[in-house]
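Colleague: Take this sequence and fold it.
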Amino acid sequence: MLATGLALLLLVSLEKSCRCAPQIGCPPEDEFLGRCSNNVYEEKPTCTELNLGYCNDMEYSRTIFPNILGHRTRMEAESGAEYLLLSVIHGLLNGECSPDIRLVGCSMIKPCRSTCEALRKDCAHAFEAIEMAWPYFLDCDRFFVSDQEGCFDPLAGLKARQEAAISSVSPEEPSTIIQFTHTSNSQMYSILKRTAAKCSHISHVYSIGRSTEGRDLLVIEFTSNPGQHELLEPEIKLVGNMHGNEVLGRQLLIYLAQYLCSEYILGNQRIQTIINTTRIHILASMNPDGYELAASEVEDRNDPELTQQEGYMFNGWTNGRTNAQNIDLNRNFPDLTSVYYRNRRSRHYRTDHIPIPDNYWFGKVAPETYAVMKWSRSLPFVQSASLHGGELVVSYPFDFSRHLHEERMFSPTPDEQIFKQLARTYADAHATMSDNDTERCGASFYRTRGIINGALWYSFAGGMSDFHYLHTNCLEITVELGCDKFPSEVELYPEWKRNKEALLSFVESVHRGIKGRVKDVDGNGIKGATISVKGIRKDVTTAEDGDYWRLLNPGTHIMTATAKGYSRVSKRVHLPHSMTKAGRVDFVLEKVPVEPDIDDHLFPTVDTWDRFDPYNQFERYSEPVESEGGIERQEKPWWWNYFSQSGISPPLWLLRNSPAFRDMIGDVSSIVLGDDLCQMTGRGQQRLK
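Modeller: Purely as a prediction, here's the structure:
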């Protein structure tokens, strides 16, 4: 879809003669940005063979020079920034919108405006994700015409082939079809986006950021109302591939996304109930850069003389584990566990929603870590699972030992019992994780039936699960899926069968405990109110509209709701063992005079929960900087090297925040194309009405 409408040329016609394009001048500001040249209009247009290396399989074979972008020869077109952008766009966008972009970008025949508009709708977010401006030659007002004028859809052939492929699948027996193969990063993005498009009424994809090397951290969401939080609907996230060489979780989550979409459409009542009552977020790969390295290592070492299984097993245990900065992402989160241990005995110190210490930002924070922290703070996640590999066990916080010098020491959280239940939910639903077979992978955990406290297994600081527990409302477990970190493709389907029920059961388990709403006497939700449970020193806070979720095991609990400036209300709640969904408990708080908080005096600190990236570490690169001459200078994004090293004129029009771009963005002049530019011959010859 990307109406590249002419990244290069614009063959616009199908009549028997070539005619000149209208003599339209090039505005000075466009010429300054490299969008066009006034010289083009002094030459007489001539028809010629297309012969452009990147467009040599198009459905047409002739073009015109000078073209509307100012290129006078094939060599000049191929050395232009527009052509270079088309050549590298697959890598820049990680395969997203390909081959649509190239098909439309190389289009010579008047592309339809509807094609351009659909393309921009589907692909604009991909450019935004890499901080790149929408290319000027894709502006629908500039180079595209209405369907009524007779135009060409460069994607028609691609659409026809896709429809033919879909129609070849027999509809006699509806079923969910999943291809159990390893997927590259570009294939993963494509699958997730196709899945979201197929189930657009219950799903959509969004990016939470970019990896070190610029790859998308793409999330697919499933819910009855995609794109927004619904009152009292719990939110759960599933994260895979945190360590790049642990790939089974990544594949399982890709399969799960396809399964949820397909089974919902096919009328699977269980899946429909899950999606209609839960908001599910799936981040299949948190470390796509590490995966790239691990996958290439497997490919390089998969010697023909070795079996396929040996090739994958030969991957070892470390290649691709870290991100592209050589950072272990599961050691890169703020160490709030140490803060908790230091202050847990203080009656007044809050042991939940612990702020990130300012000194954390002076260390090396990976962009992947930053993205996940920001994501977790932006949505009211209740529950989470991080899928790993290397053992067959579910571990739960704390992962960092309560004694600094003890490598293996039982270190429970205040929510020990509910964490054990969450871990047991997954382990018991897994085909082999909780059995007592001492010959299997993970045999050392057979006595605990496949679950363990993380610090009792081995201790480490800066883990994601500990961070989520102490900084947010979210309770997260770590699922080790098996000994083989990079299993061969023949193992993928058996692993899906072993884990499918466990994944679904874990998602369903978010409907456990109590949910409700905290309101004032006028019925307005109170954001940030705290819900405490007697005997469990860990509070949860209410979301934007005052709704909350508190995971609890069956039993009798005393719950208290309070908010600054409001009264305190307590209720006794009994959760029977037979409950199949969360009970509802609402609170109504009255306003009271605000009294000084003793914590403000006993624990003065600059570290507060709201202080996130206080030094603007990850945003400064895009801010304009004043140069010595008083002219704004912009630090360039990572993809700028593609162009700066090529020797072409800098494409300032690709910089989203450049002063020239900001000045010109609202002043785009429409360019009306002539009816005919050149005769179309060879492949795809046709007549436009």
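Colleague: hey, where'd the helices end up in the stretch 51-200 of the chain?
Modeller: In the stretch 51-200 of the chain, the helices defined using DSSP state H, counting those that start in this stretch lie at 74-78, 81-92, 100-105, 113-129, 140-143, 156-167, 185-198.
Colleague: Dump those into CSV; add mean neighbour count as well.
Modeller: No exception for glycine: its C-beta is placed from N, CA and C like everyone else's. Shown next, in CSV, are these (neighbours: other CB atoms under 10 Å):
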stretch, mean neighbour count
helix 74-78, 17
helix 81-92, 20
helix 100-105, 26
helix 113-129, 19
helix 140-143, 20
helix 156-167, 11
helix 185-198, 19
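Colleague: Mean pLDDT added to the ones you listed, as JSON lines?
Modeller: As requested, those are exported to JSON lines (pLDDT from 0 to 100):
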{"stretch": "helix 74-78", "mean pLDDT": "72"}
{"stretch": "helix 81-92", "mean pLDDT": "76"}
{"stretch": "helix 100-105", "mean pLDDT": "69"}
{"stretch": "helix 113-129", "mean pLDDT": "76"}
{"stretch": "helix 140-143", "mean pLDDT": "72"}
{"stretch": "helix 156-167", "mean pLDDT": "64"}
{"stretch": "helix 185-198", "mean pLDDT": "90"}
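Colleague: Can you say which of the ones you listed is nearest to Lys374?
Modeller: helix 113-129 (14.0 Å; CB to CB).
Colleague: elements contacting that closest one?
Modeller: Judged by 3 or more CB pairs under 8 Å, 6 or more residues apart in numbering; DSSP states H and E, helix 113-129 is in contact with helix 100-105, helix 140-143, strand 203-210.
Colleague: Which stretch among those approaches Glu368 most closely?
Modeller: strand 203-210 (7.4 Å).
Colleague: Pull the distance from the closest one to the chain's centre.
Modeller: 4 Å (CA atoms, centre = their mean, to the nearest Å).
Colleague: With stretch 514-524 instead?
Modeller: 32 Å.
Colleague: follow-up on the earlier one: with distance to Val298 added, can I get the helices and strands packed on helix 113-129 in a markdown table?
Modeller: Formatted as a markdown table, those follow (distance: least, CB to CB, whole Å):
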| stretch | distance to Val298 |
| --- | --- |
| helix 100-105 | 29 |
| helix 140-143 | 43 |
| strand 203-210 | 24 |
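Colleague: The ones you listed: which one's closest to Cys474?
Modeller: strand 203-210 (14.7 Å).
Colleague: packing partners for that closest one?
Modeller: Counting by 3+ CB pairs under 8 Å, 6+ apart, strand 203-210 packs on helix 113-129, helix 185-198, strand 216-222, helix 248-265, helix 367-378.
Colleague: Output those in JSON lines; the columns should cover distance to Trp653.
Modeller: Shown next, in JSON lines, are the helices and strands packed on strand 203-210 (distance: least, CB to CB, whole Å):
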{"stretch": "helix 113-129", "distance to Trp653": "12"}
{"stretch": "helix 185-198", "distance to Trp653": "25"}
{"stretch": "strand 216-222", "distance to Trp653": "23"}
{"stretch": "helix 248-265", "distance to Trp653": "36"}
{"stretch": "helix 367-378", "distance to Trp653": "26"}
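Colleague: Out of the ones you listed, which is closest to Gly390?
Modeller: With CB to CB as the measure, helix 248-265 is the member of the helices and strands packed on strand 203-210 nearest Gly390 (10.2 Å).
Colleague: And the strands in the stretch 251-400 of the chain?
Modeller: With DSSP state E, counting those that start in this stretch as the criterion, the stretch 251-400 of the chain has strands at 279-283, 381-388, 392-396.
Colleague: Direction included, what does the last one pair against?
Modeller: Each strand that pairs with strand 392-396, with its direction, by DSSP bridges: strand 451-453 (parallel), strand 475-481 (antiparallel).
Colleague: residues in contact with His286?
Modeller: Heads up, residue 286 is Met, not His. Met286 makes contacts with Leu217, Val239, Gly240, Asn241, Met242, Leu329, Glu368, Val372, as judged by CB atoms under 8 Å, 6 or more residues apart in numbering.
Colleague: That one and Glu235, how far apart?
Modeller: To Glu235, Met286 is 18 Å away according to CB to CB, to the nearest Å.
Colleague: Same question for Tyr458.
Modeller: Plainly put, Tyr458 is 30 Å away from Glu235 if you go by CB to CB.
Colleague: With neighbour numbers in mind, choose between these two.
Modeller: Glu235 (23 against 12; other CB atoms under 10 Å).
Colleague: Let's see the pLDDT reported for that one.
Modeller: With respect to pLDDT, Glu235 has a value of 98.
Colleague: So His203 sits against Phe222, correct?
Modeller: Just to correct that, residue 203 is Ser rather than His. Yes. With contact defined as CB atoms under 8 Å, Ser203 counts as touching Phe222 (5.1 Å).
Colleague: Pull up the overlap in contacts between these two.
Modeller: Any residue near both Ser203 and Phe222 by CB under 8 Å, 6+ apart counts here, and that gives Ala257, Leu260, Cys261.
Colleague: and Glu619, what pLDDT?
Modeller: 53.
Colleague: again, but for Cys97
Modeller: pLDDT, Cys97: 69.
Colleague: Ile531: what secondary structure?
Modeller: State at Ile531, reduced to three classes by DSSP: H, G, I helix; E, B strand; the rest coil: strand.
Colleague: Show me what it bridges to in the sheet.
Modeller: Beta-bridge partners for Ile531, by DSSP bridges, are Val540, Ala561.
Colleague: Now for Thr181, how many residues are close by?
Modeller: When neighbours are counted by other CB under 10 Å, Thr181 registers 11.
Colleague: That one contacts Val490, doesn't it?
Modeller: No. Counting by CB under 8 Å, Thr181 stays clear of Val490, with 10.3 Å between them.
Colleague: Okay, now the unreliable bits of the stretch 151-300 of the chain?
Modeller: By pLDDT under 70, the weakly predicted segments of the stretch 151-300 of the chain are 158-159, 161-175, 299-300.
Colleague: The same query, at a cut-off of 50, please.
Modeller: Counting by pLDDT under 50, the low-confidence segments of the stretch 151-300 of the chain come to 169-173.
Colleague: Find the centremost residue of the chain, please.
Modeller: Geometric centre of the chain, nearest residue: Leu218, 2.0 Å, by CA atoms, centre = their mean.
Colleague: which ones are touching that one?
Modeller: Residues near Leu218 by CB under 8 Å, 6+ apart: Met188, Tyr189, Leu192, Val205, Tyr206, Ser207, Leu283, Ala284, Ser285.
Colleague: ok, now how distant is Cys116 from Val479?
Modeller: Distance from Cys116 to Val479, by CB to CB: 44 Å.
Colleague: now Arg584
Modeller: For Arg584, the distance to Val479 - CB to CB - is 30 Å.
Colleague: out of the two, which sits in the busier spot?
Modeller: Using other CB under 10 Å as the criterion, Arg584 and Val479 rank with Val479 on top: 26 against 10.
Colleague: hey, what's the more buried one bridged with?
Modeller: Val479 has these beta-bridge partners by DSSP bridges: Leu387, Val394.
Colleague: Show me which residues of stretch 213-222 are buried.
Modeller: Gly214, Arg215, Asp216, Leu217, Leu218, Val219, Ile220, Glu221, Phe222 (16 or more other CB atoms under 10 Å).
Colleague: per-residue pLDDT, Val12?
Modeller: Model confidence at Val12, given as pLDDT, is 35.
Colleague: same deal with the one 10 residues further on?
Modeller: You'll see Pro22 listed with a pLDDT of 36.
Colleague: quick one on the thing from earlier: just the closest of the contacts of Met286 to His348, please.
Modeller: The closest of those to His348 turns out to be Val372 (CB to CB; 30.6 Å).
Colleague: Spatially nearest residue to that closest one (excluding sequence neighbours)?
Modeller: Ranked by CB to CB, 6 or more residues apart in numbering and with sequence neighbours excluded, the top spatial neighbour of Val372 is Met286, at 6.5 Å.
Colleague: Can you tell me how far that neighbour is from Ser338?
Modeller: Distance, Met286 to Ser338, using CB to CB: 24 Å.
Colleague: circling back: tell me which of the strands of the stretch 251-400 of the chain lies nearest to Leu504.
Modeller: strand 279-283 (10.5 Å).
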